[in-house]
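K.L.:
all I have is the shape, not the residue letters:
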(Lines give C-alpha, C1' and ligand atoms only; values in the text may rest on other atoms or scores of the structure.)
Protein backbone atom coordinates (compact mmCIF):
# COMPACT_ATOMS: atom_id res chain seq x y z
CA UNK A 1 0.00 0.00 0.00
CA UNK A 2 2.82 2.39 0.90
CA UNK A 3 4.55 1.56 -2.40
CA UNK A 4 1.35 2.26 -4.31
CA UNK A 5 1.01 5.64 -2.59
CA UNK A 6 4.62 6.50 -3.48
CA UNK A 7 3.94 5.56 -7.12
CA UNK A 8 0.81 7.72 -7.14
CA UNK A 9 2.76 10.68 -5.78
CA UNK A 10 5.53 10.25 -8.33
CA UNK A 11 3.04 9.97 -11.19
CA UNK A 12 1.08 13.00 -9.96
CA UNK A 13 4.19 15.16 -9.68
CA UNK A 14 5.39 14.09 -13.12
CA UNK A 15 2.11 15.04 -14.74
CA UNK A 16 1.97 18.33 -12.85
CA UNK A 17 5.52 19.44 -13.41
CA UNK A 18 5.40 21.07 -16.84
CA UNK A 19 9.15 20.50 -16.88
CA UNK A 20 9.47 17.53 -19.21
CA UNK A 21 10.50 15.05 -16.51
CA UNK A 22 12.15 11.73 -17.24
CA UNK A 23 9.33 9.17 -17.37
CA UNK A 24 7.97 9.08 -20.90
CA UNK A 25 6.08 12.38 -20.74
CA UNK A 26 7.51 14.86 -23.22
CA UNK A 27 6.40 18.14 -24.71
CA UNK A 28 6.32 18.57 -28.46
CA UNK A 29 8.32 21.61 -29.59
CA UNK A 30 6.10 23.02 -32.33
CA UNK A 31 3.26 23.61 -32.62
CA UNK A 32 3.04 26.03 -29.70
CA UNK A 33 0.17 28.48 -29.57
CA UNK A 34 0.32 31.79 -27.73
CA UNK A 35 -3.10 33.19 -26.90
CA UNK A 36 -4.64 35.95 -24.85
CA UNK A 37 -7.63 33.82 -23.89
CA UNK A 38 -7.77 30.69 -21.75
CA UNK A 39 -8.22 27.21 -23.19
CA UNK A 40 -11.81 26.33 -24.06
CA UNK A 41 -13.15 23.59 -21.84
CA UNK A 42 -15.20 20.62 -22.94
CA UNK A 43 -18.66 20.11 -21.44
CA UNK A 44 -17.29 17.23 -19.36
CA UNK A 45 -14.52 19.45 -17.98
CA UNK A 46 -16.99 22.23 -17.11
CA UNK A 47 -19.16 19.74 -15.23
CA UNK A 48 -16.11 18.42 -13.36
CA UNK A 49 -15.03 21.90 -12.24
CA UNK A 50 -18.48 23.06 -11.24
CA UNK A 51 -19.09 19.82 -9.34
CA UNK A 52 -15.88 20.08 -7.31
CA UNK A 53 -16.69 22.79 -4.78
CA UNK A 54 -15.77 21.08 -1.49
CA UNK A 55 -12.65 22.62 0.04
CA UNK A 56 -10.00 21.04 2.22
CA UNK A 57 -10.74 21.86 5.88
CA UNK A 58 -9.32 25.03 7.43
CA UNK A 59 -7.36 22.92 9.91
CA UNK A 60 -5.63 20.95 7.14
CA UNK A 61 -5.02 24.12 5.12
CA UNK A 62 -3.27 25.73 8.10
CA UNK A 63 -1.22 22.57 8.57
CA UNK A 64 -0.19 22.58 4.90
CA UNK A 65 0.91 26.21 5.17
CA UNK A 66 2.85 25.54 8.36
CA UNK A 67 4.56 22.50 6.85
CA UNK A 68 5.14 23.91 3.36
CA UNK A 69 8.92 24.05 3.72
CA UNK A 70 9.06 20.54 5.18
CA UNK A 71 6.98 19.16 2.31
CA UNK A 72 9.28 20.67 -0.32
CA UNK A 73 12.33 19.44 1.57
CA UNK A 74 10.84 15.93 1.54
CA UNK A 75 10.17 16.29 -2.19
CA UNK A 76 13.88 16.93 -2.80
CA UNK A 77 14.87 14.18 -0.39
CA UNK A 78 12.74 11.73 -2.34
CA UNK A 79 13.69 12.90 -5.83
CA UNK A 80 17.19 14.38 -5.20
CA UNK A 81 18.41 16.00 -8.45
CA UNK A 82 16.71 13.53 -10.78
CA UNK A 83 13.19 14.92 -11.16
CA UNK A 84 13.49 17.81 -13.62
CA UNK A 85 15.60 18.06 -16.74
CA UNK A 86 18.01 20.98 -17.07
CA UNK A 87 16.30 24.03 -18.58
CA UNK A 88 18.24 24.59 -21.77
CA UNK A 89 15.23 26.41 -23.24
CA UNK A 90 15.41 29.59 -21.16
CA UNK A 91 17.65 31.59 -23.50
CA UNK A 92 15.47 30.53 -26.45
CA UNK A 93 12.23 31.56 -24.75
CA UNK A 94 13.53 34.68 -23.00
CA UNK A 95 15.82 36.73 -25.25
CA UNK A 96 16.34 39.20 -22.38
CA UNK A 97 18.90 36.81 -20.95
CA UNK A 98 21.10 37.95 -23.82
CA UNK A 99 19.54 41.05 -25.35
CA UNK A 100 19.29 43.28 -22.29
CA UNK A 101 23.03 44.04 -22.22
CA UNK A 102 24.07 47.46 -23.46
CA UNK A 103 27.40 46.03 -24.69
CA UNK A 104 28.58 42.47 -25.34
CA UNK A 105 31.04 42.20 -22.46
CA UNK A 106 28.60 43.56 -19.85
CA UNK A 107 28.16 41.24 -16.90
CA UNK A 108 24.52 40.31 -16.46
CA UNK A 109 23.24 40.04 -12.89
CA UNK A 110 20.43 37.53 -12.56
CA UNK A 111 18.24 36.44 -9.65
CA UNK A 112 16.62 33.04 -9.85
CA UNK A 113 13.82 33.10 -7.31
CA UNK A 114 13.06 29.47 -6.50
CA UNK A 115 16.12 27.78 -7.98
CA UNK A 116 15.34 24.19 -6.97
CA UNK A 117 18.44 22.05 -7.51
CA UNK A 118 19.89 24.33 -10.19
CA UNK A 119 18.28 23.11 -13.41
CA UNK A 120 18.22 26.68 -14.74
CA UNK A 121 21.40 27.98 -13.07
CA UNK A 122 23.97 25.59 -14.43
CA UNK A 123 23.00 25.69 -18.13
CA UNK A 124 23.19 29.50 -17.94
CA UNK A 125 26.57 29.47 -16.20
CA UNK A 126 27.90 27.07 -18.84
CA UNK A 127 26.55 29.07 -21.75
CA UNK A 128 27.28 32.61 -20.57
CA UNK A 129 30.64 33.49 -19.05
CA UNK A 130 29.51 37.08 -18.35
CA UNK A 131 26.72 36.29 -15.92
CA UNK A 132 26.50 36.39 -12.14
CA UNK A 133 23.58 34.60 -10.53
CA UNK A 134 21.91 35.06 -7.17
CA UNK A 135 19.80 31.97 -6.52
CA UNK A 136 17.52 31.10 -3.64
CA UNK A 137 15.08 28.40 -2.70
CA UNK A 138 12.56 27.67 0.04
CA UNK A 139 14.09 24.23 0.64
CA UNK A 140 17.41 24.03 2.53
CA UNK A 141 17.97 20.60 0.96
CA UNK A 142 17.63 22.02 -2.56
CA UNK A 143 20.15 24.76 -1.71
CA UNK A 144 22.63 22.13 -0.53
CA UNK A 145 22.21 20.19 -3.78
CA UNK A 146 23.15 23.36 -5.68
CA UNK A 147 26.24 23.91 -3.55
CA UNK A 148 27.34 20.29 -4.11
CA UNK A 149 27.08 20.53 -7.91
CA UNK A 150 30.40 20.23 -9.75
CA UNK A 151 29.76 23.49 -11.63
CA UNK A 152 28.93 25.55 -8.55
CA UNK A 153 31.40 28.42 -8.23
CA UNK A 154 30.95 31.06 -5.49
CA UNK A 155 32.74 33.61 -7.67
CA UNK A 156 29.95 33.33 -10.24
CA UNK A 157 26.93 32.31 -8.17
CA UNK A 158 25.58 32.96 -4.68
CA UNK A 159 22.93 30.52 -3.48
CA UNK A 160 20.99 30.90 -0.24
CA UNK A 161 17.87 29.64 1.52
CA UNK A 162 15.00 32.12 1.48
CA UNK A 163 11.26 32.23 2.09
CA UNK A 164 10.28 34.78 -0.56
CA UNK A 165 7.05 35.56 1.26
CA UNK A 166 8.74 36.94 4.38
CA UNK A 167 12.58 36.94 4.18
CA UNK A 168 14.01 40.19 2.80
CA UNK A 169 16.00 39.44 -0.36
CA UNK A 170 18.10 42.53 0.30
CA UNK A 171 19.92 40.64 3.06
CA UNK A 172 21.69 38.66 0.32
CA UNK A 173 21.07 40.74 -2.81
CA UNK A 174 21.90 44.47 -2.88
CA UNK A 175 18.99 46.77 -3.62
CA UNK A 176 18.50 47.88 -7.24
CA UNK A 177 21.26 45.64 -8.67
CA UNK A 178 19.52 42.81 -10.55
CA UNK A 179 19.10 43.05 -14.34
CA UNK A 180 16.82 40.03 -14.75
CA UNK A 181 14.85 37.92 -12.27
CA UNK A 182 13.38 34.56 -13.23
CA UNK A 183 10.23 33.24 -11.59
CA UNK A 184 9.70 29.86 -13.25
CA UNK A 185 7.17 27.40 -11.77
CA UNK A 186 7.56 29.07 -8.37
CA UNK A 187 4.72 31.51 -7.68
CA UNK A 188 2.15 28.72 -8.17
CA UNK A 189 3.56 26.90 -5.13
CA UNK A 190 2.94 29.91 -2.87
CA UNK A 191 -0.32 30.56 -1.04
CA UNK A 192 -2.32 33.18 -3.01
CA UNK A 193 -2.47 35.43 0.07
CA UNK A 194 1.35 35.66 0.02
CA UNK A 195 2.02 36.09 -3.68
CA UNK A 196 1.95 39.87 -3.44
CA UNK A 197 4.69 39.95 -0.78
CA UNK A 198 6.83 37.78 -3.04
CA UNK A 199 6.58 40.18 -5.97
CA UNK A 200 7.20 43.20 -3.74
CA UNK A 201 10.33 41.47 -2.46
CA UNK A 202 11.67 40.87 -5.98
CA UNK A 203 10.82 44.41 -7.10
CA UNK A 204 13.14 45.93 -4.50
CA UNK A 205 16.29 44.18 -5.74
CA UNK A 206 15.67 44.80 -9.46
CA UNK A 207 17.35 47.73 -11.17
CA UNK A 208 15.01 50.37 -12.58
CA UNK A 209 14.24 48.96 -16.02
CA UNK A 210 14.98 45.40 -14.86
CA UNK A 211 12.63 42.60 -15.91
CA UNK A 212 10.99 39.54 -14.39
CA UNK A 213 10.75 36.52 -16.69
CA UNK A 214 7.77 34.42 -15.63
CA UNK A 215 6.54 30.97 -16.57
CA UNK A 216 4.02 28.94 -14.60
CA UNK A 217 0.81 26.93 -14.74
CA UNK A 218 -2.05 28.49 -16.67
CA UNK A 219 -5.77 28.20 -16.07
CA UNK A 220 -7.26 24.84 -17.17
CA UNK A 221 -3.92 23.14 -17.62
CA UNK A 222 -4.24 19.34 -17.71
CA UNK A 223 -2.69 19.19 -14.25
CA UNK A 224 -5.55 21.27 -12.86
CA UNK A 225 -8.20 19.18 -14.58
CA UNK A 226 -6.88 15.86 -13.25
CA UNK A 227 -7.15 16.73 -9.53
CA UNK A 228 -9.69 14.53 -7.82
CA UNK A 229 -12.33 15.73 -5.37
CA UNK A 230 -10.90 16.47 -1.95
CA UNK A 231 -7.77 18.27 -3.17
CA UNK A 232 -9.19 21.75 -3.66
CA UNK A 233 -7.87 24.51 -1.37
CA UNK A 234 -9.55 27.47 -3.04
CA UNK A 235 -10.32 28.92 -6.45
CA UNK A 236 -7.74 27.46 -8.88
CA UNK A 237 -5.64 26.25 -5.91
CA UNK A 238 -4.98 22.57 -5.16
CA UNK A 239 -2.85 20.26 -3.01
CA UNK A 240 -0.96 17.21 -4.28
CA UNK A 241 -0.68 13.94 -2.38
CA UNK A 242 2.79 14.85 -1.12
CA UNK A 243 1.53 18.09 0.48
CA UNK A 244 2.99 20.48 -2.11
CA UNK A 245 0.50 22.90 -3.59
CA UNK A 246 -0.20 24.40 -6.99
CA UNK A 247 -2.10 27.45 -8.20
CA UNK A 248 -3.28 27.88 -11.81
CA UNK A 249 -3.12 31.47 -13.08
CA UNK A 250 -5.38 33.50 -15.30
CA UNK A 251 -3.48 36.18 -17.19
CA UNK A 252 -5.77 38.85 -15.69
CA UNK A 253 -4.98 37.87 -12.09
CA UNK A 254 -1.26 37.65 -12.83
CA UNK A 255 -1.26 41.09 -14.47
CA UNK A 256 -3.04 42.57 -11.44
CA UNK A 257 -0.52 41.06 -9.01
CA UNK A 258 2.43 42.54 -10.88
CA UNK A 259 0.68 45.89 -11.37
CA UNK A 260 0.06 46.26 -7.63
CA UNK A 261 3.75 45.52 -7.01
CA UNK A 262 4.67 48.40 -9.36
CA UNK A 263 5.58 46.50 -12.53
CA UNK A 264 4.72 47.30 -16.14
CA UNK A 265 3.47 44.46 -18.33
CA UNK A 266 5.59 43.70 -21.40
CA UNK A 267 4.05 40.40 -22.53
CA UNK A 268 1.56 38.13 -20.79
CA UNK A 269 0.15 35.22 -22.79
CA UNK A 270 -1.08 31.68 -22.44
CA UNK A 271 1.20 29.11 -24.05
CA UNK A 272 -0.77 26.11 -25.29
CA UNK A 273 0.99 22.90 -26.22
CA UNK A 274 0.38 19.19 -26.15
CA UNK A 275 2.22 16.64 -24.06
CA UNK A 276 2.32 12.99 -25.00
CA UNK A 277 2.38 10.18 -22.47
CA UNK A 278 4.13 7.46 -24.45
CA UNK A 279 3.37 4.76 -21.91
CA UNK A 280 -0.38 5.28 -22.06
CA UNK A 281 -0.69 6.66 -25.59
CA UNK A 282 -2.34 9.85 -24.33
CA UNK A 283 -2.10 13.38 -25.68
CA UNK A 284 -2.91 15.96 -23.02
CA UNK A 285 -3.29 19.75 -23.26
CA UNK A 286 -0.77 21.79 -21.30
CA UNK A 287 -1.43 25.46 -20.53
CA UNK A 288 1.27 27.75 -19.18
CA UNK A 289 1.49 31.48 -18.69
CA UNK A 290 4.66 32.98 -20.11
CA UNK A 291 5.12 36.62 -19.26
CA UNK A 292 7.56 39.49 -18.89
CA UNK A 293 7.13 42.36 -16.47
CA UNK A 294 9.40 45.38 -16.10
CA UNK A 295 10.22 47.59 -13.18
CA UNK A 296 9.73 51.13 -14.57
CA UNK A 297 12.96 52.84 -15.54
CA UNK A 298 11.75 55.95 -13.76
CA UNK A 299 9.30 56.33 -10.89
CA UNK A 300 5.90 57.66 -11.88
CA UNK A 301 5.24 61.15 -10.57
CA UNK A 302 2.59 61.18 -7.86
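P.N.:
In hand now; what should we look at? Predicted model, so just to flag it, every value in this text is computed and none were measured.

K.L.:
where do the helices sit along the stretch 151-300 of the chain?
P.N.:
Remark: helices assigned in the stretch 151-300 of the chain by DSSP state H, counting those that start in this stretch are 195-205, 222-225, 251-260.

K.L.:
how about those helices in a markdown table, adding mean neighbour count?
P.N.:
The way it works is simple: take the backbone N, C-alpha and C, and place the C-beta from them, glycine included. Converted to a markdown table, the helices of the stretch 151-300 of the chain look like this (neighbours: other Cβ atoms under 10 Å):
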| stretch | mean neighbour count |
| --- | --- |
| helix 195-205 | 20 |
| helix 222-225 | 20 |
| helix 251-260 | 17 |
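
K.L.:
what's the closest of those to residue 53?
P.N.:
Residue 53 sits nearest to helix 222-225 of all the helices of the stretch 151-300 of the chain, at 14.8 Å, using Cβ to Cβ.

K.L.:
between the helices of the stretch 151-300 of the chain, which one is closest to residue 278.
P.N.:
helix 222-225 (15.5 Å).

K.L.:
before we move on, the earlier item: any idea which of the helices of the stretch 151-300 of the chain scores lowest on pLDDT?
P.N.:
Mean pLDDT across the helices of the stretch 151-300 of the chain is lowest at helix 222-225; the value there is a mean of 93.

K.L.:
one step back: residue 49: which of the helices of the stretch 151-300 of the chain is closest?
P.N.:
Across the helices of the stretch 151-300 of the chain, closest to residue 49 is helix 222-225 (Cβ to Cβ), at 7.8 Å.

K.L.:
please state the offset of the closest one from the chain centre?
P.N.:
Put simply, helix 222-225 sits 16 Å off its chain's centre (Cα atoms, centre = their mean, to the nearest Å).

K.L.:
again, but for stretch 110-129
P.N.:
Distance, centroid of stretch 110-129 to centroid of chain: 14 Å (Cα atoms, centre = their mean).

K.L.:
stretch 170-184 too?
P.N.:
From the chain centre to the centre of stretch 170-184 is a distance of 16 Å (Cα atoms, centre = their mean).

K.L.:
one more: stretch 282-294?
P.N.:
Offset of stretch 282-294 from its chain centre (Cα atoms, centre = their mean): 11 Å.

K.L.:
circling back: can you lay out the helices of the stretch 151-300 of the chain as JSON lines showing distance to residue 285?
P.N.:
JSON lines is the format used below for the helices of the stretch 151-300 of the chain (distance: least, Cβ to Cβ, whole Å):
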{"stretch": "helix 195-205", "distance to residue 285": "25"}
{"stretch": "helix 222-225", "distance to residue 285": "5"}
{"stretch": "helix 251-260", "distance to residue 285": "17"}
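
K.L.:
residue 264 and residue 57, how far apart?
P.N.:
Taking Cβ to Cβ, to the nearest Å as the measure, residue 264 falls 40 Å from residue 57.

K.L.:
who has more neighbours, those two?
P.N.:
residue 264 (15 against 9; other Cβ atoms under 10 Å).

K.L.:
residues contacting that one?
P.N.:
Applying Cβ atoms under 8 Å, 6 or more residues apart in numbering to residue 264 gives the contacts 293, 294, 295, 296.

K.L.:
surely the third one touches residue 262?
P.N.:
Meaning residue 295. Yes. Counting by Cβ atoms under 8 Å, residue 295 does reach residue 262; the two are 6.8 Å apart.

K.L.:
find residues that contact each of the two.
P.N.:
Listed as contacting both residue 295 and residue 262 by Cβ under 8 Å, 6+ apart are residue 203.

K.L.:
quick check: the closest residue to residue 122 other than its chain neighbours vs residue 121, distance?
P.N.:
Excluding the flanking residues, the one nearest residue 122 by Cβ to Cβ, 6 or more residues apart in numbering is residue 151, at 4.9 Å. From residue 151 across to residue 121, the span is 8 Å (Cβ to Cβ).
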